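Novice: Have a look; sequence and predicted model below, questions after that.
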Amino acid sequence: MNFDISSEQQILQDSVDRFVQDHYELDKRQLLVLTKQGFSNENWQTMAELGWLGVSVPEAHGGFGGNEIDTMILMEAFGKGLVLEPFLASTVLGAKAIADGGSEALKTEMLPGVVNGSRQLTFAYAEAQSRFDLEDIITHAKSDADDYVINGHKSMVLHAGSAQQIVVSTRTSGGQTEKAGISLFLIDADATGVEITSFPTVDGQQASEIKLNGVKVSSSRLLGEVDEGYELLNALATAGILALAAEAVGAMEILYKDTVAYTQEREQFDHALSDFQVLQHRMVDMFMEYEQCKSLLYRATLEVVQNSSGAQRSVHALKYYVGKMGTFIGENAVQLHGGMGTTEELRIGHYFKRLLVIDAQFGNSDHHLALFAA
Amino acid sequence: MDIDLSSTDLAFQQDVRNFLATNAYKNGTDYAEWRLNWFKQAREKGGWDVTKWPENFGGPGWSPTQHFIWEQETAVAQTPWDLPFGLSMLAPVLMTYGNEEQQNRFLPDIRDRRVNWCQGYSETNAGSDLANLKTKAVLSEDGTHYTVTGTKIWTTLAHIADWIFCLTRTSDSGKKQEGITFLLIPMKQAGIEVKPIITLGGSHTVNMVHLTDVKVPVENRVGAEGKGWGYAKGLLAHERTGLAGISKSLAALENLRKQASEVKRGNGTLLDDPNYRAKLAELEIDLLATEFTELRSLASAANGAEPGPESSILKLKGTEIQQRIQKLTVEAGGIYSAAWGPMPVGHLFARGGMSGYLSSRAYTIYGGASEVQRDVIAKNVLGIKKSQSK
């Protein structure tokens, strides 16, 4: 047993920590939030140059050939800076979909661009009625000679406004909520019939609603087997959950540490706030739950990497706990900062918002508690 | 003890319902005109425009039960917007500690909703520890006016206020609570600058108010110099009761149930989800208890007692309940709770859900943070004294 990261991973961690320190002061970040695209092309290029955009891409296709632990290291650091670039959408989700489900030709066509930053991907899985159920899919793809024709509506797709290709979950057979009959396709964002409407999310990121009106896609763009896409869909959700949980752990660390620092500076009733035992105990609870989240993050990540039999349950446990405790830590960080905590001026509010959005992605805490208990 | 409504109460309830129905806003009509007319009609009912004011100041002299009925009925009806600062916070202070001239000068405008007030209490270093306030008021040598300099923070709606009631420091000697003076200051004058503070919900309701050498005539001082803390403390109790919002929460819970019934979940709706149902049920049970705590508080107030320690219980419980309702609204919104701004995506209620939830985080901070409320209960109700170190 060993929880130490390798020396290569240590180098990765040092370099991503430095990136966040240099590029993600709150003021700089908030300026990026206000742009239409919502992130920096320069940062994106830096990420490509440092090899991060190919962290999980196989070496044969120009990537780093890393696993979920490498992604975890990056995402945890991104969480500390509330990084805006679409790393999750493009590398963690989009590139994985192609690497795991695409033909050799498709990988050769798509992945090098992902790695060098010239190609941005995203993943459209949710629909208005699906809530958090991955298999609840109305959008359908109909076979038409060598092509498929897709009609439907996908919801809350991360950064679709700046992506070139979109992985879409569709129904090729079966009922609306069946796990069988699901197929994944890679479509071009500028294909005829794709209508993308983008809007900001609570945490300052960008998402889109996507209407698909008779979108033609070649069967060579099928990811995985036809009708048997659920497994890949779930694997992508798992990768998304692990990455988001790592990001959440990074955000929680900032929240509890900022709170400890603030209560030692702020004086009321002729004492530093941190002199009050009720506040000390609250901060101890925040710290403990942060550590517990980290433990579940390690547990689930290692089990997924090692393909252990309990991995799926640990992923549910992780997402449940991170959602619940992200809210707990965020709410208390605001409460202990008092009035200042409720403003946009301090950074804690922005970390809190990110944790709230993370809870609403790939199933909230209730959803995963129910799946864990089932 | 009984909780049945008497025939008189039932008749009153019907009267209230009729009034609210008759005076309901009609689409397409002028809102501002309707609003002022609503208060006029309420006044003609015998003080229904100032339900909480005592009878000798024009209030209706209702029994606790009648107040309760009014709260219940108005929580589910559309009533015109109203602000508590003049009506429920300053007015009781003026009635108790103001002189007759001040009462005649300020109360009619408050009653007619002609003048908006804001509350100048908190400062950067005087939050939970309000008595630590430093805004200075210096009396002129001839004793005709004060010169006020300092900065107030978290001033709700200062940007639309005509007047501010302000706690100022007139003396630094003695205990912090001594030397605080209660002044009434017009907002629209040189020397007063209002700066917006944008809160997490993305809205502008609170402000910083900078006062620089603002001259305040001595007639605008309420009560005696240096005694303002005592007046403000009584006022805080009023504020806290008003913040509990039990009837509104009951109505909001009903609304939430309706929203949840519109959210599809598997073959049913979110309301069929046992986990979500249990959370709604827990919330309802808390509300059932808190509603009766409020009734007990109203009953003791009717016997002439000032709002006391139970107002702290109400503030604590009431605001935590409001926050939980907001949280469950966000949960009902599902993936769409993350959407921000005016984009029409997802359920209609999800759009305001997150903003409402984020704004609600301030409920357990303003008007005395929850931690301070618990201190108040520990000290004043449980009688816990801090032991001296040995």
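Specialist: Happy to help now that I have it.
Novice: Check the offset of the worst-scoring helix or strand of chain A on mean pLDDT from the chain's centre.
Specialist: When each helix and strand of chain A is scored by mean pLDDT, DSSP states H and E, strand A:267-268 comes last, with a mean of 91. Using CA atoms, centre = their mean, to the nearest Å, the distance from the centre of strand A:267-268 to the centre of the chain it belongs to is 39 Å.
Novice: what's that strand packed up against?
Specialist: For strand A:267-268, there is no helix or strand it packs on, judged by 3 or more CB pairs under 8 Å, 6 or more residues apart in numbering or on different chains; DSSP states H and E. C-beta coordinates here come from the backbone N, C-alpha and C atoms, glycine included.
Novice: quick one: contacts of whatever helix or strand comes next after that strand?
Specialist: Elements were assigned by DSSP states H and E; along the chain past strand A:267-268, the next helix or strand is strand A:271-272. Residues outside strand A:271-272 that contact it (CB atoms under 8 Å, 6 or more residues apart in numbering or on different chains): A:T263, A:Q264, A:E265, A:R266.
Novice: and the very next helix or strand once past strand A:271-272, average pLDDT?
Specialist: Elements were assigned by DSSP H and E; along the chain past strand A:271-272, the next helix or strand is helix A:277-305. For helix A:277-305, the mean pLDDT works out to 97.
Novice: got the angle between the next helix or strand after helix A:277-305 and helix A:277-305?
Specialist: Using DSSP H and E, the helix or strand that follows helix A:277-305 in sequence is helix A:311-337. Relative orientation of helix A:311-337 with respect to helix A:277-305: 160 degrees, computed using axes from the mean of the first three to the mean of the last three CA atoms, to 10 degrees.
Novice: wait, does the very next helix or strand once past helix A:311-337 contact chain B?
Specialist: Toward the C-terminal end, the helix or strand that comes next after helix A:311-337 (DSSP H and E) is helix A:348-359. Yes: using CB under 8 Å from any CB of the partner chain, helix A:348-359 reaches chain B at A:G349, A:F352, A:K353, A:L356, A:V357.
Novice: got it, and stretch A:111-128?
Specialist: Yes: Stretch A:111-128 reaches chain B (CB under 8 Å from any CB) through A:A126, A:A128.
Novice: can you list the residues that contact stretch B:371-379?
Specialist: Residues lying outside stretch B:371-379 but in contact with it, judged by CB under 8 Å, 6+ apart, are A:276, A:278-279, B:128, B:240, B:309, B:312-313, B:315-316, B:368, B:384-385.
Novice: what does stretch B:342-358 give?
Specialist: When contacts are taken as CB under 8 Å, 6+ apart, the neighbours of stretch B:342-358 outside the stretch itself are A:128, A:155-156, A:197, A:199, A:202, A:209, A:349, A:353, A:356, B:199-203, B:259, B:262-263, B:323, B:326-327, B:329-330, B:332-340.
Novice: Would you mind listing which of those residues are buried?
Specialist: With neighbours counted by 16 or more other CB atoms under 10 Å in any protein chain shown, the contacts of stretch B:342-358 contain buried members at A:128, A:155-156, A:199, A:202, A:209, A:349, A:353, A:356, B:199-201, B:259, B:263, B:323, B:326-327, B:329-330, B:332-340.
Novice: Flag every residue of the stretch 151-300 of chain B that's near chain A.
Specialist: For the stretch 151-300 of chain B, the residues in contact with chain A (CB under 8 Å from any CB) are B:153-154, B:197-200, B:202, B:263-267, B:270, B:273, B:275-276.
Novice: Of the residues you listed, which one scores lowest on pLDDT?
Specialist: B:G266 (73).
Novice: what's it sitting at in phi/psi?
Specialist: Backbone geometry at B:G266, expressed as degrees, to the nearest 10, gives phi 60, psi -130.
Novice: residues touching it, list them.
Specialist: Contact criterion CB under 8 Å, 6+ apart gives A:D133, A:T177, B:D272 as the residues in contact with B:G266.
Novice: Start and end of stretch B:42-49, how far apart?
Specialist: With CA to CA, to the nearest Å as the measure, stretch B:42-49 spans 5 Å from end to end.
Novice: what sits up against it?
Specialist: In contact with stretch B:42-49 (CB under 8 Å, 6+ apart) are residues B:19, B:23, B:39-40, B:50, B:53, B:55, B:58-61, B:70, B:111.
Novice: Can you flag which of those residues belong to helices?
Specialist: Using DSSP state H, the members of these that fall in helices are B:F19, B:F39, B:K40, B:W70, B:R111.
Novice: I'd guess A:S208 is in a strand, am I close?
Specialist: Yes: applying DSSP: H, G, I helix; E, B strand; the rest coil, one finds A:S208 inside a strand.
Novice: Leaving out chain neighbours, which residue sits closest to it?
Specialist: Leaving aside its chain neighbours, A:S208 sits nearest to A:A160 (3.7 Å; criterion: CB to CB, 6 or more residues apart in numbering or on different chains).
Novice: Quick check: phi and psi at that neighbour.
Specialist: Given degrees, to the nearest 10, the pair of backbone angles that A:A160 has is phi -70, psi -30.
Novice: Quick check, it in contact with A:I187.
Specialist: No: here A:A160 lies out of contact with A:I187, judged by CB atoms under 8 Å, at a distance of 10.8 Å.
Novice: Return the set of buried residues in the helix or strand containing B:A11.
Specialist: B:A11 is part of helix B:7-22 when elements are defined by DSSP H and E. Residues of helix B:7-22 classed as buried by neighbour count (16+ other CB under 10 Å): B:F12, B:Q13, B:V16, B:F19, B:L20.
Novice: Could you single out the nearest of those residues to A:A248?
Specialist: For A:A248, the nearest member of the buried residues of helix B:7-22 is B:L20. The distance, counting by CB to CB, is 46.8 Å.
Novice: State the pLDDT value of the closest one.
Specialist: Among the per-residue scores, B:L20 shows a pLDDT of 97.
Novice: right, and the pair among the residues of the stretch 151-300 of chain B next to chain A with maximum separation?
Specialist: With distance counted by CB to CB, no two of those lie farther apart than B:I153 and B:N267, which are 51.6 Å apart.
Novice: Pick out whichever of the two has more residues nearby.
Specialist: With neighbours defined as other CB atoms under 10 Å in any protein chain shown, B:I153 and B:N267 compare such that B:I153 has more, 22 against 8.
Novice: wouldn't that one be in contact with B:N125 here?
Specialist: No: with the criterion set as CB under 8 Å, B:I153 and B:N125 do not qualify as a contacting pair; they are 9.6 Å apart.
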